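Student: build the 3D model from these lines:
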Amino acid sequence: MNSYVTGPVIKALREKKKATQKQLADKLSVSDKTISKWETGRGLPDLSLLEPLSKALGVSVAELLSGEQITNQNRSANPLRGKFYVCPVCGNVIHAMGEGSFHCCGVALPPLEAEEYDGEHAVRVEEWEGRSFITMDHPMRKDHYISFIAQVRFDRVEVVKLYPEQIPETTMAHWPGAEFYAYCNRHGFFRIKP
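Tutor: Predicted structure coming up:
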């Protein structure tokens, strides 16, 4: 992680729960003076207390460390309203049914926001024998490449990982009404119009 929990975060989360320092201290089996020290920056909670502290404050450990509370607005778990996350260090791809707090390689991952494809490189999506065949005129060098292509429909997600020096094409099951996306390591996340 690139940050550690801070006093103002602990205080804000405690106050949001309408708990006193004493009430929080009792849940963690520490003194209220300890909570006061944390909140005023004269001390930090031990690593072994992060999980119990996050549970007592009603947040995840990642939210406690980042200071940002995440609320999933996609309660119906509709994949079309889901989010993609990509690690800039290792290229790990995560799809979540809603917004969450994800970290990889010590980096907090922001949700990707899809841009409309600007047409810089030609993209073709053709239906062929019940399959969608996607081809792209895009560089596939180690410094500039398409990392993945995804197909998303209201009830499912399919992701195909691509690598540098690979041909930027794939086939996927043909799903009527699906949306297609691609992620370029230089230009970001974009929606493909079939």
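Student: contacts for the helix or strand harbouring Y85?
Tutor: In this structure, Y85 is located in strand 83-86 according to DSSP states H and E. Residues outside strand 83-86 that contact it (CB atoms under 8 Å, 6 or more residues apart in numbering): 92-96, 98-100, 102, 104, 109-112, 147, 150, 181, 183, 189. Just so you know, the C-beta spots here come from the backbone N, C-alpha and C atoms, and that holds for glycine as well.
Student: so what strands line up beside the helix or strand just after that strand?
Tutor: Using DSSP H and E, the helix or strand that directly follows strand 83-86 along the chain is strand 93-96. Strand pairing for strand 93-96, using DSSP bridges, gives strand 83-86 (antiparallel).
Student: got the buried residues for stretch 110-126?
Tutor: P111, L112, A114, Y117, V123, V125 (16 or more other CB atoms under 10 Å).
Student: which strand or helix spans the residue nearest to the third one when sequence neighbours are not counted?
Tutor: To tie it back to what came earlier, the one meant is A114. Computed as CB to CB, 6 or more residues apart in numbering, the closest residue to A114 that is not its neighbour in sequence is R191, at 4.5 Å. Using DSSP H and E, R191 falls within strand 188-192.
Student: buried residues in that strand?
Tutor: Of the residues in strand 188-192, those buried (16+ other CB under 10 Å) are F189, F190, I192.
Student: let me know the helix or strand that E51 is in.
Tutor: helix 50-57.
Student: what mean pLDDT would you report for that helix?
Tutor: Helix 50-57 carries an average pLDDT of 91.
Student: hang on, the earlier thing: export the buried residues of strand 188-192 as CSV, with columns for pLDDT.
Tutor: Shown next, in CSV, are those (pLDDT from 0 to 100):
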residue, pLDDT
F189, 90
F190, 90
I192, 85
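Student: now, among the residues you listed, which is nearest to Y4?
Tutor: F189 (29.8 Å; CB to CB).
Student: could you find the closest non-adjacent residue to that closest one?
Tutor: L112 (3.9 Å).
Student: same check, this time on A122
Tutor: D137 is the one closest to A122 (CB to CB, 6+ apart), at 4.2 Å.
Student: per-residue confidence for the one you found?
Tutor: At D137, the pLDDT recorded in the model is 91.
Student: tell me the angle whichever strand or helix holds P8 makes with helix 50-57.
Tutor: Assigned by DSSP H and E, P8 belongs to helix 7-16. Interaxial angle, helix 7-16 versus helix 50-57 (axes from the mean of the first three to the mean of the last three CA atoms, to 10 degrees): 40 degrees.
Student: who are the packing partners of helix 7-16?
Tutor: Using 3 or more CB pairs under 8 Å, 6 or more residues apart in numbering; DSSP states H and E as the contact test, the elements touching helix 7-16 are helix 32-39, helix 50-57.
Student: residues near the closest residue to Y163 other than its chain neighbours, how many?
Tutor: In space, Y163 comes closest to Y145 once its chain neighbours are excluded; the distance is 7.3 Å by CB to CB, 6+ apart. Residue neighbour count, defined by other CB atoms under 10 Å, stands at 20 for Y145.
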